[in-house]
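>>> how would this look folded up:
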Amino acid sequence: MQEDRQEHFYNIGVSYKKADAKTRGKFSLSKENQTALLKLSKEKGFSGVFIISTCNRTEISGFAERPCQLIELLCEFSEGTIQEFAKVSNVYKNQEAIQQLFRIGTGLESQILGDYEIVGQLRQSFKLAKSLNTTNAYLERLINSVLQASKRVKNETRLSSGTTSVSYAAVQYIVKNLPNYNSKNILVFGLGKMGKHTCKNLAEYTQNKSVCLINRTEEKAINFVKEHTSIRNSKIENLKEEIKNADVLIVSTGADKPTITKEHVKENKDLLILDLSMPENVAKNVTDYKGISIVNVDKLSKITDETLAVRQQEIPLAEAIIETHKAEFNEWLNHRRFTPAIAALKKSLENIKNDEINFQKKKISDFDENQAEILTSRFIQKITTQFVKHLKDENTSVSQSLQVINKVFQS
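Okay, here's the model as predicted:
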């Protein structure tokens with residue numbers, strides 16, 4: 001963080017709180033675009049940037065002189081505009097940005113409270129940024145602190161108790177809304193993280209033996225069904241035929257554009273489609289056909305059960321854990337931030353003290369050097385303590401303070 005440029009730590013982005021699934025889809029960043037954005041941020045001289053892009057949020061955290069610099073990066077690599085961003089965005093600065101990352105990492109900002117999948121996503125996002133050399137010591141320490149807090153929240157509270165996630169909600173939706181769901185033909189299209197969780201939840205929470213899996217990379221699907229024998233594998237070439245035979249289609253393909261269009265479905269056929277992808281991977285116009293209904297991520301996330309009531313009660317405990325780790329991070333940050341300025345001040349004062357003691361030793365015959373040393377050292381300690389209080393002011397520029405020290409004491 002380069003103080004002389006007056007950079008600040010920002011967190012900018014959109015989430016389910018203000019933006020619907022369609023709008024979030026516009027700002028969603030593929031892995032390729034995340035990589036391209038990070039590389040460009042490095043070329044432009046940003047001192048630290050990383051990205052979180054999930055079905056519920058796309059956020060950029062990093063250092064900039066103004067938040068608009070990060071917003072412009074996001075809009076350059078997504079389909080959203082600055083005007084659209086302004087209507088649905090969150091912009092956090094310094095301590096608020098730090099707080100936001102702690103809340104995200106502990107599940108407090110998840111669309112389904114306590115959803116622990118965000119931790120893995122956070123790790124992967126930071127790993128990508130680190131591999132591209134767009135992180136720094138500040139971000140590394142902060143993310144480590146967030147992950148430590150997240151681990152404690154997971155182990156010491158019931159914020160993540162029970163099984164509640166988008167993939168779980170999808171299965172619960174089928175159970176609650178589809179009569180005779182165990183006898184229905186269910187097709188899962190896409191074997192990313194969400195698709196795997198959905199298949200596992202189908203196996204765990206239903207007795208349905210008519211689940212079919214299709215993935216573009218067939219080898220992954222073949223290996224998966226070897227471990228989950230109740231699920232059948234089919235080839236991508238058979239997608240239309242499998243959809244024709246399906247009562248439920250679960251889409252978790254994670255593509256930039258719709259992977260299911262009108263060409264894939266038949267008219268006058270009852271078909272429930274659960275779209276778990278972000279951006280949405282099912283074309284809206286498929287509902288032009290009678291009998292076809294789509295349920296997206298936002299609708300699924302409204303499903304609540306008893307576990308959510310339990311989780312709500314755990315929020316204060318989670319927040320207390322966050323405060324502990326945030327305080328530790330800020331202590332490290334302050335020490336790191338203040339050390340050069342304090343060291344420079346102490347050195348200047350020590351030089352003045354030594355010069356003055358040497359002068360008085362020559363001038364006063366019975367001069368008590370030990371007492372003078374004790375007295376002046378206490379003065380220096382009190383002065384530096386007051387200086388630390390000055391530096392703790394968030395609006396204080398450490399580099400400017402150093403310039404003042406050099407100008408006053410070394411002129």
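>>> In stretch 103-122, which residues are buried?
Buried residues in stretch 103-122, counted by 16 or more other CB atoms under 10 Å: 103-119, 121-122. The C-beta positions use only the backbone N, C-alpha and C, and glycine is treated the same way.
>>> Over to stretch 373-381?
Within stretch 373-381, the residues scored as buried using 16+ other CB under 10 Å are 376, 380.
>>> again with stretch 314-321
By neighbour count on 16+ other CB under 10 Å, the buried set for stretch 314-321 is 314, 318-319, 321.
>>> Give me the domain ranges for this structure.
3-162, 166-304, 341-409 (automatic domain parsing).
>>> Please report how far Y138 lies from N144.
Separation of Y138 from N144 (CB to CB, to the nearest Å): 11 Å.
>>> which of these two has more neighbours?
Neighbours per residue, other CB atoms under 10 Å: of Y138 and N144, the larger number sits with Y138, 20 against 13.
>>> can you pull the contacts of the more buried one?
By CB atoms under 8 Å, 6 or more residues apart in numbering, the contact list for Y138 reads 1, 9, 48, 63, 333.
>>> Quick one: list the elements packing against the helix or strand the fourth one falls within.
Using DSSP states H and E, the element containing F63 is strand 57-64. Here strand 57-64 touches strand 8-15, helix 21-27, strand 49-53, helix 67-77, helix 95-105, helix 137-156, going by 3 or more CB pairs under 8 Å, 6 or more residues apart in numbering; DSSP states H and E.
>>> mind checking which of the ones you listed is nearest D298?
Proximity to D298, assessed across the helices and strands packed on strand 57-64 by CB to CB, is greatest for helix 21-27 (4.9 Å).
>>> Please state the mean pLDDT value computed over the closest one.
Averaged over helix 21-27, pLDDT sits at 92.
>>> what does stretch 323-332 give?
The average pLDDT for stretch 323-332 rounds to 94.
>>> and what of stretch 187-199?
For stretch 187-199, mean pLDDT is 89.
>>> quick one on the thing from earlier: confidence-wise, which of the domains of the chain is weakest overall?
domain 341-409 (a mean of 81).
>>> burial measure for the nearest residue to A129 once chain neighbours are set aside, as a count.
The shortest distance from A129 to any non-neighbouring residue, by CB to CB, 6 or more residues apart in numbering, is to F50 (3.6 Å). Applying other CB under 10 Å, we find 24 residues neighbouring F50.
>>> Make sure F50 is actually in contact with G62.
Yes: applying CB atoms under 8 Å, one finds F50 in contact with G62, separated by 6.8 Å.
>>> All the strands of the stretch 201-350 of the chain, residue numbers only.
With DSSP state E, counting those that start in this stretch, the ranges of strands along the stretch 201-350 of the chain come out as 211-214, 231-234, 248-251, 271-275, 292-295.
>>> Of all those, which one is nearest T23?
strand 271-275 (15.4 Å).
>>> What's the separation between the closest residue to K346 other than its chain neighbours and F338?
Spatially, and ignoring its direct neighbours in sequence, K346 is nearest to T384 (5.9 Å; CB to CB, 6+ apart). Distance, T384 to F338, by CB to CB: 10 Å.
>>> of those two, who's got more company?
Counted by other CB under 10 Å, T384 and F338 do not tie: F338 has more neighbours, with 20 against 17.
>>> Am I right that that one is in contact with V388?
Yes: judged on CB under 8 Å, F338 makes contact with V388 at a distance of 6.1 Å.
>>> List the contacts of G195.
Contacts of G195 (CB under 8 Å, 6+ apart): 188-189, 213, 215, 250, 252, 276.
>>> And it, which helix or strand is it part of?
G195 belongs to helix 193-205, assigned by DSSP H and E.
>>> V408 and K347: what is the separation?
Here V408 is placed at a distance of 13 Å from K347 (CB to CB).
>>> So what does P279 look like in phi/psi?
The phi/psi pair for P279 (degrees, to the nearest 10) reads phi -70, psi 160.
>>> To clarify, my last question referred to K93.
With angles defined as degrees, to the nearest 10, K93 sits at phi -130, psi 140.
>>> Show me what it is bridged to.
Judged by DSSP bridges, the bridge partners of K93 are Y10.
>>> Go ahead and confirm it touches S61.
No: using CB under 8 Å, K93 is not in contact with S61, being 11.2 Å away.
>>> In terms of neighbours, single out the busier of those two.
The neighbour count for K93 versus S61, taken as other CB under 10 Å, is higher for S61 (27 against 15).
>>> Select the longest helix from the protein.
Ranked by residue count under DSSP state H, the longest helix found in the chain is helix 315-363.
>>> and it, what other elements does it pack with?
Under the contact definition 3+ CB pairs under 8 Å, 6+ apart, helix 315-363 sits against helix 95-105, helix 137-156, helix 369-391, helix 398-409.
>>> tell me the most buried of those helices?
Greatest average neighbour count among those goes to helix 95-105 (a mean of 21), per mean count of other CB atoms under 10 Å.
>>> distance between that helix and the chain's centre?
Between the centre of helix 95-105 and the centre of its chain there are 9 Å (CA atoms, centre = their mean, to the nearest Å).
>>> Apart from its neighbours in sequence, what residue is nearest L187?
A246 (4.1 Å).
>>> Repeat that for L101.
Closest residue in space to L101, ignoring its immediate chain neighbours: V146 at 5.4 Å, by CB to CB, 6+ apart.
>>> Kindly report the same for S167.
Using CB to CB, 6+ apart and skipping residues adjacent in sequence, the residue nearest S167 is H197, 3.7 Å away.
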